[in-house]
Each structure stands twice: as structure tokens, then as C-alpha cells.
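S.K.: sequence and predicted structure below; questions after.
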Amino acid sequence: MYTNVRNFIESLDVPSGTSMRTDCPVCSRSNTFSVTNDYGQLLYFCFHADCSAKGGVSLGMSVNDMKGMYASNTIPPKFNWDVLVSAKSIIHIDAHKFTIGYESSDSMYANLWKDSYELLYKYIKQTAALQNYDFHFSLIDNRIIFKNFLGESQSVYGKSIARAIPKWMNYNTEYSGGWSASAELSSTIVVVEDIISAIQINNFFTLGDVSSYALMGTNLSNAHMLQICKDKPQKVYVCLDRDATHKAATMAWDLIPLLPSSSRVITVPLITDIKDMSYEKVKLLFKGHIS
Ligand SMILES: [Zn+2]
């Protein structure tokens, strides 16, 4: 029997994106042990009911291995936060002080950062909403990562700055809720499509008075409904882009029965993308609603 399951599964050399069956190193039964290499995460378990062998380990691939893998795959690998961290892909960015260069003793790492730096710099300069914000950035897949807790649940979403598909990557696939800058939503909630729009709303209104909430799309899931209605907000504004006006109306009808009768759900059709709006235009949009 192997005392170190990790060494055992690493020695199997399961190719990325594939699975294999073998004898269990814990209970020694024949062909009951399954190992899957989920793009650098080795997930293993034993099929036998009396055996408790189960778990996952990160292979800790190099940034370059993963970048190559990412480039060669038509379907983007399902990176998650822990894999990205262990591959040293994650750097912290304070957009407000975006003057940092790329300093690293690891030349490979420095080159990756150099590639990404100009792209990221350009993106932040064009995105007014982000200029007072801090976030993480993943060098492997060129995504700005927004990580936050809403209640107990952690969201980790990555926005591509290189026009990759999907535009937003959910790095925590167990999570299907929305994103908000704060862990608790206030009594006035502005529902928008994505995090950049939500941050824009945060820039306009005092956090605490108004919470913005990003759906990460235009669909309202059960998880969204639970999060939005949890603390019985007084006002919910549904602000979707113009091409989703019909969806916004349907959403309002879905939310109303879950809220107290004193609450109001208001759809605010957007003519201009909220990301491109000036302070004056946003004030005008919510005139008479939010001061
Ligand atoms: Zn077993």
C-alpha cells in the first residue's frame, strides 16, 4: 500500500484533460481507483463503497506550460483561482497607482507580464470605472479578476482584455450568483449586466446607500433571486442594456412576488451603455429616485 497518495497519482502521468482507472493505492482493490487530470488539477477517488480515498491535488504547472496549453486549446481550460495562484499567474493591480513595471527575477514570468502590461494599461485607461479600483490580473489568460464575497459565497470572475470568448470567465464553477462590491446588499439595489457596469454605479453613488449587483449576463437564476431578495430591499432598479429591455421587464415580474409589498422594482431602460455614461447622465437616469 502506498502511504503517499499524492506521489502515487503524480507518478501515473495522466495527460491533461483525460482520466484513467487503476488499482486503489489505499484499499488495494483492483481497478477501483479513478484519476482525472482537470487541466492541472488531479482529482481522484475510489469507486469502492468501503474506501474513503478521495481528493484533489494541484500539479503546480509552470505559467508557461499553462499559457501554451491555453493557446492550443479551442475550448478554454477551466482554470480556477487556486490553480492560477499555484502557477504564479496572479498579480495584484491597484489601478489608481498603475505605474508599476514588470519586475521579477523569473525571466519567463517577466516576459509574460510584459506581453500583458500594455494591453492591460490600455484597457484601464479606456475604462473610467476601473481607475479607482484594485483587482487581480491573470497572466495566463489575460483576464482581470474580480473576486468577492456576497454573503457566504465567493465569486471569482475574470474579464478578458483580449477579446477572448467567453468575455467573462467564472473561475468558481460552483458559484452561479452575481457580483457585488460589498458582502451585504443595501436597501437600494441597482441590477446591471456585468462587473464593469456595477463598478461604474459604485463610483457614482455612496457604497452602503446603494449597492450595485452584476448578473454576469442577462439571465436571472434562482441564486440571483435569493441574493437580491434576501434582505428585503426597498428599491430594486433593473438596468440592462437596450437589447435586453424585454428581459428586464420579465425580471421585474419575477422579483416582485419575492419582495415585501412596500418594495418597488423599477426597470430603467438604458439608451447608452452604463459603462460609457458620464456622472450627469447617470444622475439624470435616476432623477427623483436616488439622490
Ligand atoms: Zn480504494
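M.R.: Structure received. Just so it is clear, the structure is predicted and the values come from calculations on it, not from any experiment. Numbering: from 1, shown residues only.

S.K.: in a helix, residue 117, correct?
M.R.: Yes: residue state for residue 117 (DSSP: H, G, I helix; E, B strand; the rest coil) corresponds to a helix.

S.K.: and for it, the neighbour number?
M.R.: By other Cβ atoms under 10 Å, 17 other residues sit near residue 117. Every residue, glycine included, has its C-beta placed from N, CA and C.

S.K.: tell me how far it lies from the ion.
M.R.: Residue 117 sits 48 Å away from the ion, going by Cβ to the ion, to the nearest Å.

S.K.: which strands and helices sit next to the helix or strand containing residue 10?
M.R.: If you go by DSSP states H and E, residue 10 is part of helix 5-11. Under the contact criterion of 3 or more Cβ pairs under 8 Å, 6 or more residues apart in numbering; DSSP states H and E, helix 5-11 touches strand 41-46, strand 54-58.

S.K.: how about whichever strand or helix holds residue 284: buried residues?
M.R.: Residue 284 is part of helix 279-285 when elements are defined by DSSP H and E. The neighbour-count check on helix 279-285 (16 or more other Cβ atoms under 10 Å) flags 282, 285 as buried.

S.K.: and the residue positioned nearest the centre of the chain, what are its bridge partners?
M.R.: By Cα atoms, centre = their mean, the mean C-alpha position of the chain lies nearest to residue 157, the distance being 1.1 Å. When bridges are called by DSSP bridges, residue 157 pairs up with residue 146, residue 170.

S.K.: quick one: contacts for it?
M.R.: Contact criterion Cβ atoms under 8 Å, 6 or more residues apart in numbering gives 145, 146, 147, 168, 169, 170, 171, 179, 195, 216 as the residues in contact with residue 157.

S.K.: if we can go back for a sec, quick one: check the helix holding residue 10 for contact with the ion.
M.R.: No: no part of helix 5-11 sits close enough to the ion to count as contact by Cβ under 5 Å from the ion; the gap is at least 10.2 Å.

S.K.: distance from the chain centre to that helix, please.
M.R.: Distance of helix 5-11 from its chain centroid, counting by Cα atoms, centre = their mean, to the nearest Å, is 31 Å.

S.K.: and after that helix, which helix or strand comes next?
M.R.: strand 19-22.

S.K.: how about that next one as CSV, C-alpha atoms only?
M.R.: As requested, C-alpha coordinates have been extracted for strand 19-22 and formatted as CSV (Å, rounded to 0.1, in the frame of the first residue of the first chain):
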residue,chain,number,x,y,z
SER,A,19,-9.0,10.2,-16.9
MET,A,20,-7.7,6.7,-16.0
ARG,A,21,-8.6,3.8,-13.9
THR,A,22,-6.1,1.7,-11.8
